[in-house]
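K.L.:
okay, here's the prediction I keep looking at, along with the sequence it came from:
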Amino acid sequence: MWESALGGVYSGIAGLYPSIPSSDIWSASSEFIGSSVIVGQEVTGSKWSDNKIEGTMREYGANTSAPIPTTWVSVGEVMGTFDPTHYTFQVESMDVLIETNTFLNMVTNNPSALEALKIPCFAVGATDLRGSWSNGGNSIDMGSAADAAKGILNATFFAPSTGGKPQIWASGNVNGAFTGSPTGGSVGLSGYAPGSTTSPTNGITANFNIQQWNGARWSAMVTNGTVPAGTFTSYPNTNGVQFQGAAAGTISASTFSGTAAGVAK
């Protein structure tokens, strides 16, 4: 279980609550990047009236200080109050946090438990994300159109119902090769059909930004993810999907591996 509390002013904080909600439908985003922890949140609000705040929260994270570097996803409820005179608010959230590989195993073997926890578990599409980066003697190789062995592999997007809008995504297999010390490296990723070395890019793009690289452990942010409209046949919408997340794992000789997870909207 994961519990958090947040309070502040809900007008004039750029990127958090940029305006006074004009209806019960509202949204909010937050992100924390520490030396060994990454946490990101997306909140979809269902009430901001009668001095009550309600909504659902989707969260992702990475932790390289754990015995084994991990990533996770979580889904929960947000409840709180606000003061319409002083434009202040306070909310608490309670959600269920699941490590990425555990989540993917439950999708296959125990999806009913995920449904009971209201965690999206209906796959609507998947992609490999591959690319490379270099700067002097430092480089990161995460595969290419012809190399399906590296990258964020089989990143799968999950909705709360069949054919629904994806809300979270996860990959249990992130790996690549490197030279030098690629701290600060940013890999432009392109999407391909999982495992394919003959299909062209599917139009999905994202950035893989290294946050920590200490010789034994690594972490990265997955940012600016875009799925063009109509890419996932199980979710044939006209607006496309945006996604972001975190990745983490271990380093061995000239290679690295781990997991990744995040939210979609």
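P.N.:
All right, it came through fine. Numbering: from 1, shown residues only.

K.L.:
hey, which helix is longest across the chain?
P.N.:
The residue-count maximum for a helix in the chain (DSSP state H) belongs to helix 100-109.

K.L.:
now it: buried residues?
P.N.:
100-101, 103-104, 106-107 (16 or more other Cβ atoms under 10 Å). Backbone N, C-alpha and C define where each C-beta goes, glycine included.

K.L.:
which residues touch V37?
P.N.:
Going by Cβ atoms under 8 Å, 6 or more residues apart in numbering, V37 touches 61-65.

K.L.:
just these now: which is nearest V9?
P.N.:
For the contacts of V37, the closest approach to V9 (Cβ to Cβ) belongs to G61, at 25.5 Å.

K.L.:
how about the helices in the protein?
P.N.:
Going by DSSP H, the chain shows helices at 100-109, 111-116.

K.L.:
and of those helices, who's closest to V75?
P.N.:
Across those, V75 has its closest neighbour in helix 111-116 (9.3 Å, Cβ to Cβ).

K.L.:
pLDDT of that closest one, averaged?
P.N.:
Mean pLDDT, helix 111-116: 94.

K.L.:
and stretch 168-177, by the same measure?
P.N.:
Mean predicted confidence for stretch 168-177 is 98.

K.L.:
over to stretch 143-152?
P.N.:
Averaging pLDDT along stretch 143-152 yields 97.

K.L.:
contact partners of that stretch?
P.N.:
Here stretch 143-152 makes contact (Cβ under 8 Å, 6+ apart) with 128-132, 141-142, 171, 173-177, 189-190, 192, 194-197, 200-201, 208, 222, 247, 260.

K.L.:
list the buried residues of it.
P.N.:
Residues 143, 147-148, 150-152 are the ones in stretch 143-152 that count as buried (16+ other Cβ under 10 Å).
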